[in-house]
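S.K.: coords please:
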Amino acid sequence: MASSQPTLLHSSNISDIESSCQTFNITPEQFATLKSRSASAKSTAYCPYSNFRVGATILTHEGVFIDGANVENAAYPVGTCAERVAFGKASTGKPCGMCRQFIREFCDLDTPIFMFDKNGDFIVLRLEQLLPLSFGPEALPPRENLG
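M.R.: Got it, this is the predicted structure:
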């Protein structure tokens, strides 16, 4: 089954912004803040090996913005993606598969994920589109059945 590519939307196109804001119930001001903070978060990235900076910003239901940036390590699997840094900060860039699963742990499948490129253009997808057929907490047996 062929999957369709998401539509690339442009931050310079007011109708792209307005329709995305309306669809995902955020204000244009919140959109602008997500865009600017995720871009600014890149400056805090620690990426001496790839030199590929990623910034991420979460907007909580309470209207709080939480930023994260990627953190690399000489032992490559030990590095942390920007999205996990942001969600780690919340509980205490395109998300990779591991980050998508991490986001799935904390968000509903209809949560919108705004992904901005270096030009400020963006794609917005619901988590379910980013991680179809996902494995979530509801797939586990009830805690009382774990013995």
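
S.K.: On the C-terminal side of the longest helix anywhere in the chain, identify the next helix or strand.
M.R.: Taking residue count as the measure and DSSP state H as the definition, the longest helix of the chain comes out as helix 28-41. Using DSSP states H and E, the helix or strand that directly follows helix 28-41 along the chain is strand 55-59.

S.K.: Which neighbouring elements make contact with that following strand?
M.R.: Applying 3 or more C-beta pairs under 8 Å, 6 or more residues apart in numbering; DSSP states H and E, one finds that strand 55-59 makes contact with helix 28-41, strand 65-69, helix 82-91. C-beta here means a position set from N, CA and C on the backbone, and glycine is covered the same way.

S.K.: which one of those lies closest to Gly120?
M.R.: Set against Gly120 and scored by C-beta to C-beta, these come closest in helix 28-41, at 6.3 Å.

S.K.: Summarise which helices and strands the closest one is packed against.
M.R.: Contact analysis of helix 28-41 by 3+ C-beta pairs under 8 Å, 6+ apart lists helix 14-24, strand 55-59, strand 65-69, strand 112-116 as its packing neighbours.
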